[in-house]
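1. Give me a model of this one.
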Amino acid sequence: MRLKSLLGDYAVTRALTSGEVRSPDLDFDFAQVKLPQQAFKRVVRDLEFDFAELALVTYLLAKACGKPYRLLPVVLTARFQHPYLVCLSKNKLRPADLSGKRIGQRSYSVTTAAWIRGMLMEEGVDLGSIRWITFEEPHVAEFRDPPNVERAPAGKEMIAMLLAGEIDAAIAGEIPKDERIVPVYPDPEAAAQAWSKKHGAIQINHMAVVRQEMPFSLSQDILGLLGQSRKAAGNPSMNPFGIEANRRNLEVAIDYVHRQGMIPRRFSVEELFE
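-> Sure, this is the predicted structure:
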């Protein structure tokens with residue numbers, strides 16, 4: 001069986017995408033894209049893939065909109081998001097200072113942004129008072145941004161706007177290599193450790209999904225191949241595998257997304273895998 005597939009090149013996927021790990025019954029037709037997130041719209045809008053990598057928040061929004069995919073309990077990418085909320089070093093902003101400010105983010109529904117907004121909520125920041133400046137539309141076409149979200153003028157770039165003082169802070173996809181820009185969390189590593197200890201979780205970015213109508217046995221075969229590929233990478237701790245290993249991570253993510261009004265109810269973990 002040949003499956004149209006989307007999967008990034010990571011340590012935990014490399015054995016599968018290279019063919020080192022394979023199945024005599026499955027053949028993967030991997031999409032040729034530089035970064036998998038460039039094709040996430042093709043997953044949730046065009047329903048193009050049988051098996052795909054997908055950002056966790058994009059998946060939760062897609063499920064809320066009835067898109068026919070179910071989750072596989074394998075984390076492809078995860079990171080603590082604390083270093084990616086940045087401001088100008090001269091302004092010395094801290095999380096508690098951000099109510100009423102202008103904050104740039106690639107898109108409101110980006111997973112990194114959803115994690116950071118959840119963290120800010122817990123710091124007492126009023127998310128509704130912030131002017132959120134976005135640069136892209138959501139992956140899920142049906143999702144509607146809150147009223148305090150506005151699109152940046154055409155041709156504007158987020159970090160350039162930050163340097164020009166047109167926004168007060170930014171949620172960056174990568175840490176800017178500019179000494180004028182610093183994290184809002186003064187010690188991001190310590191903040192991440194404290195967050196993880198408090199919640200008993202890590203912050204997932206991308207997982208894997210399969211078409212809802214795919215037979216359970218076939219999806220289990222794919223999961224098994226992903227497990228073998230992860231094992232070849234040394235079973236890294238930031239890529240937990242299995243429902244129970246990810247239960248708490250998913251519970252926290254679902255709670256954050258629901259509290260931000262992005263999904264109508266809190267899904268149970270089991271629902272994601274039905």
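2. Around Glu179, count how many other residues there are.
-> Neighbourhood size, Glu179 [other Cβ atoms under 10 Å]: 7. No exception for glycine: its C-beta is placed from N, CA and C like everyone else's.
3. any idea how far it lies from Pro186?
-> 15 Å (Cβ to Cβ, to the nearest Å).
4. Show me where the stretch 101-250 of the chain has its helices.
-> Under the criterion DSSP state H, counting those that start in this stretch, the stretch 101-250 of the chain contains helices at 111-122, 158-163, 188-199, 216-232, 243-259.
5. With respect to burial, which of the ones you listed scores highest?
-> helix 111-122 (a mean of 22; mean count of other Cβ atoms under 10 Å).
6. mind giving me the domain ranges of this protein?
-> Structural domains annotated on the chain: 2-79+203-272, 82-199, as defined by automatic domain parsing.
7. can you redo those domains as TSV with mean pLDDT?
-> Formatted as TSV, the domains of the chain follow (pLDDT from 0 to 100):
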stretch	mean pLDDT
domain 2-79+203-272	97
domain 82-199	97
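8. Now do the contacts for Glu213.
-> Applying Cβ atoms under 8 Å, 6 or more residues apart in numbering, we find Glu213 in contact with Pro68.
9. partners of Asp29 in the sheet?
-> Here Asp29 sits in beta bridges with Lys4, going by DSSP bridges.
10. what's the burial count for it?
-> 13.
11. wait, what's in contact with Leu226?
-> Counted by Cβ under 8 Å, 6+ apart, Leu226 has contacts 12-13, 16, 72, 74, 208, 241.
12. Wait, Ile130 touches Gly104, no?
-> No. Counting by Cβ atoms under 8 Å, Ile130 does not reach Gly104; the two are 10.7 Å apart.
13. which of those two has more neighbours?
-> Gly104 (26 against 21).
14. Would you agree the more buried one is in contact with Glu157?
-> No. Using Cβ under 8 Å, Gly104 is not in contact with Glu157; the gap is 9.4 Å.
15. what residues do the two have in common as contacts?
-> Common neighbours of Gly104 and Glu157 (Cβ under 8 Å, 6+ apart) are Phe135.
16. looking at the helices of the stretch 101-250 of the chain, which is closest to Val86?
-> Among these, the nearest to Val86 by Cβ to Cβ is helix 158-163 (7.3 Å).
17. Report all helices and strands that the closest one contacts.
-> Helices and strands touching helix 158-163, by 3 or more Cβ pairs under 8 Å, 6 or more residues apart in numbering; DSSP states H and E, are strand 85-88, strand 102-105, strand 169-171, strand 181-183.
18. Which residues does that helix contact?
-> Against helix 158-163 from outside (Cβ under 8 Å, 6+ apart): 86-88, 104-106, 133, 135, 152, 167-170, 172, 176, 178, 180-181.
19. Selection in PyMOL covering whichever of those are buried, please.
-> To isolate the buried ones among the contacts of helix 158-163 in PyMOL, judged by 16 or more other Cβ atoms under 10 Å, type:
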select buried, resi 86+87+88+104+105+106+133+135+152+167+168+169+170+172+176+181
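20. returning to what we had before: could you dump the helices and strands packed on helix 158-163 to JSON lines with distance to Leu61?
-> Shown next, in JSON lines, are these (distance: least, Cβ to Cβ, whole Å):
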{"stretch": "strand 85-88", "distance to Leu61": "21"}
{"stretch": "strand 102-105", "distance to Leu61": "15"}
{"stretch": "strand 169-171", "distance to Leu61": "17"}
{"stretch": "strand 181-183", "distance to Leu61": "27"}
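21. Tell me which of the ones you listed lies nearest to Lys67.
-> Taking Cβ to Cβ, strand 102-105 is the member of the helices and strands packed on helix 158-163 nearest to Lys67, at 22.7 Å.
22. ok, the closest one: who's next to it in the sheet?
-> strand 131-134 (parallel), strand 169-171 (parallel).
23. May I have that strand exported as PDB, CA atoms only?
-> Output of strand 102-105 as PDB, limited to C-alpha atoms (Å, rounded to 0.1, in the frame of the first residue of the first chain):
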ATOM      1  CA  ARG A 102       1.600  45.200  21.000                       C
ATOM      2  CA  ILE A 103       2.900  41.700  20.300                       C
ATOM      3  CA  GLY A 104       3.800  40.200  17.000                       C
ATOM      4  CA  GLN A 105       3.300  36.500  16.100                       C
END
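24. Touching, Asn249 and Phe241? I think so.
-> No. Asn249 is not in contact with Phe241 according to Cβ under 8 Å; the separation is 11.6 Å.
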